[in-house]
Structures are given as structure tokens and as C-alpha cells.
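>>> Predicted coordinates and the sequence they were generated for:
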Amino acid sequence: MQRLFNPTNVLVGIMAVAFLSCDDDDDQSHLRTPIDYSTLDAGTPYTDLFLDAEGNTTVDLTEGNQRHKMFQALNYYSTSSITANAHIDAPVLTNMFSNIGDPFSDISTSTINVVGAELNASEVQLRDVVASSRPASEAEVVRTNIEEYFVEIEEISHFVNNTASQGEAGKLGTYLVNEKGIEIAQIIQKSLIGALQLDYISNVLMNTGLSADNHSVVANENYTALEHNWDEAYGLLTLNPIYLAGATDANRNSVEFGAGSYIWEYNKANYANIYPAFIKGRAAIVNNDMAELQTQATFIRTEFEKAIASAALGYLEKWKTGTTDAARAHAIGEGLGFIYSLRFATLHNADATFSQSILDGLIGSDNGFWDLDVTKINTASDAIKTKFNLQ
């Protein structure tokens, strides 16, 4: 269990970019009609809230939604293959990651609706935005490591009809694990929640991306660069017109994938405030109110990071309460992916060194999962609780 969790793979957090103060330039101030924050209705679809003088939406969620669907499709290929006891081809996953060779095909289920031709022709990809807040060489390490996991999941898929045991890859219950008992499909998915969604939304689009131009619309488009950065963040988080519409603590009541689902599951205190923060931040862009924009961006980023940390804690606890090897292996697989993702939680100063030390303490031994005990789990949980001020 090396590569993505290699202790030499240290990613350095980038410094936050200072935000511009409100611009008094008359043209910029009047590009859009100002929005009274008190009129914002969290029951209104995102695209309907932000219109130009002719009543046309200034929102384009296409790029964010396309990357969201690519992530869904990549995950669906590996997990559905495991369910079907089918071989997994690493080149298929690699091509999906980089969107080369027309890798996407149609998927229609109760939770996924992908039109392959649209994604193939989209000219966007996942690979180039993964870890993109990092210097190029460090980002490339993360991307290459993920691709190496594609190779590993192909290798262990040859044993999909075997029962796993210490030193032997195969299935524990319905979960495909490697010889160390690690569920690679979960490592890929949960690590991408951090390296793709958390890093690109939080550390790029809602951080350095907030210094983008808001003076004029992009050529041949109906939005400014700053408006589009914010909208791309929303589109990568969710495919829904209203994020978590109708959600209660007990029931999500909408289909969400990746980060969008786990924010609801593991941040009960503030999941309902994420959509209002998105629309208030977007209104702040319209108003050239950079102070309010920064407030809303910081709120979303902070709560996103808390959800990832709480998810890591939740799955560590599920290892403790699991009654079978299969349940415990599945829990730790998800937990490890979320712990890896903590290195992108820059507002809490959780870097790669912090993340890696926890991973090494958990699965750094020769037998990985098979060597886990309560002491290792508690040590990891305590470190996360302290760093993120969680109980």
C-alpha cells in the first residue's frame, strides 16, 4: 500500500491570495443590477437567481457539471465491475481521468445519468484540475499516484472471484481488496473527493479564483470570469438546481454524489447553510462586494473541510463497530481515502505531513488492514479531532 500514501509524497499548501477591495470604478459597479441580499430565496434554482438586464441567466454550470459526471462515470465503471465480478481495465480508467480516446459511454440508473458523447466532446477533464492548487511537480505526483491505483485495481480484479485473506487479494463480502485488505475502489473515490472536489472548489475556485476579473463579460459568454469561477464550483459540487433541496437530518431527499452527499451526512450542523452561502456569495459578486464574497467562500470552505474530517472520524468509528472483516475493511477503505483528502484542508492547516503520519500509523505495517487494532484507530481519531477541533 504505497504510492498515494508514500511518505515522500508531501504536498505543500499554497498561500491564500488576498482579496481585492470593492472597486469604485463606475463601469464595474454597474455591470449588473445590484441584488438586495434579503431578497435571495433559497427555494429558487441557482440559475434563476442571477439574470442580466434582458432576463437571461448569467450562470453556466456546464464545466462543473461535466467534471462531476466524469467523476461519477469513473467511479461507476470500477464499482459496477466489482459488483458484476468483472475484470477492470486500467486504461479505461486512465482515459476517463484524462478524457482521451472517447472513454465515456452512456449510463442511466436511478442515480446516474451520463451521456457519453457529451462528455467525450466536452474538452474538459479531471486530471488537469486534480491537486491544481499545488505547484506543478507536486500536482503531477498526485495525478500519477491516482493512475497507479488504476493499475492496482486492474491487477486485483483478476482475483474478484476469490475470497481475500491476509496476503491474498480477493473479495471480503462484496468488497474487492488487495493483499493488505485495502479496498482500492474506495481509496480512489474518497481521495478524489479531496484531490478533485475539495482542492479545486476550495483552494482554487474559491481562493485564488476569486481574484478573477469581474469588470466585463467573457468574450462570447454571458458571465464574468469571477462569476464563472463561482458557478463552476457549484456545478462540481452538485448537479441539482438547489443543493440538498428538502433535506432533513434524517433524509437527504435528493440524489447527490461525492462531496455533495458527504457534506450532508457528516456536517449536520451546517449542510442546510451551504446553498444559501452559495447564492449569497454569487450575489456578492454581482454587487462587487468582495468582503461578503470572502465571508461566504470562507464559510463554504470551512464547512467542507469539517465534513471531510468528520467523515474520516465516522469511518474510523465504523471500523470499531464492524462485526465482520468485510464491514471493517470497507469502513477503513473509506476512512483512508478521507484521511488522505485531509491534506487539502488548508484552512485547518492540515497538510500532507499531517495526513501521511495518520495513514502510516494505521496501515504502515506489512499487513495493513490485517494489523489494525483499537489503539491505532484511537490514535488516528484523536489526531483528527485535535486538528479540526471536533468532539
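The structure has been received and is ready for your questions.

>>> Only C-alpha atoms from now on, for both contacts and neighbour counts.
Fine.

>>> Buried by neighbour count: which residues of the top helix by length along the chain qualify?
When the chain is parsed with DSSP state H, its longest helix is helix 290-321. Neighbour counts over helix 290-321 (16 or more other CA atoms under 10 Å) mark 290-294, 296-320 as buried.

>>> list the contacts for Leu196?
Shown in contact with Leu196 (CA atoms under 8 Å, 6 or more residues apart in numbering): Leu126, Val129, Val130, Ala131.

>>> So which of the residues you listed belong to strands?
Using DSSP state E, no member of the contacts of Leu196 falls in strands.

>>> Tabulate the residues you listed in a markdown table, adding columns for pLDDT.
Converted to a markdown table, the contacts of Leu196 look like this (pLDDT from 0 to 100):
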| residue | pLDDT |
| --- | --- |
| Leu126 | 98 |
| Val129 | 98 |
| Val130 | 98 |
| Ala131 | 98 |
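
>>> ok, of these, which come out buried?
The buried subset of those (16+ other CA under 10 Å) comprises Leu126, Val129, Val130, Ala131.

>>> wait, what's in contact with the third one?
This points to Val130. Ala139, Val142, Arg143, Leu192, Ala195, Leu196, Asp199, Tyr200.

>>> Separate out the buried members of those.
Of the contacts of Val130, these count as buried by 16+ other CA under 10 Å: Ala139, Val142, Arg143, Leu192, Ala195, Leu196, Asp199, Tyr200.

>>> Can you name the helix or strand that Ala117 falls in?
Ala117 belongs to helix 116-120 when assigned by DSSP states H and E.

>>> Which positions within that helix qualify as buried?
By neighbour count on 16+ other CA under 10 Å, the buried set for helix 116-120 is Gly116, Leu119, Asn120.

>>> and of those residues, the nearest to Glu168?
Among those, Gly116 lies closest to Glu168 (CA to CA), at 35.8 Å.

>>> what's the neighbour count on the residue nearest to the closest one when sequence neighbours are not counted?
Excluding its sequence neighbours, the residue lying closest to Gly116 (CA to CA, 6 or more residues apart in numbering) is Ser105, at 3.9 Å. The local packing of Ser105 (other CA atoms under 10 Å) involves 14 other residues.

>>> Check the one 10 residues further on too.
Here the neighbour count serves as a burial measure; for Val115 (other CA under 10 Å) it reads 15.

>>> check contacts around the closest residue to it other than its chain neighbours.
Once flanking residues are discounted, Val115 sits nearest to Asp106: 4.7 Å by CA to CA, 6+ apart. Asp106 sits next to Asn113, Val114, Val115, Gly116, Ala117 when contact means CA under 8 Å, 6+ apart.

>>> where exactly do the strands run in the chain?
107-108, 113-114, 170-172, 175-177.

>>> can you redo those as CSV with mean neighbour count, distance to Leu226 and mean pLDDT?
Formatted as CSV, those follow (neighbours: other CA atoms under 10 Å; distance: least, CA to CA, whole Å; pLDDT from 0 to 100):
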stretch, mean neighbour count, distance to Leu226, mean pLDDT
strand 107-108, 13, 32, 98
strand 113-114, 16, 28, 98
strand 170-172, 23, 47, 98
strand 175-177, 28, 43, 98
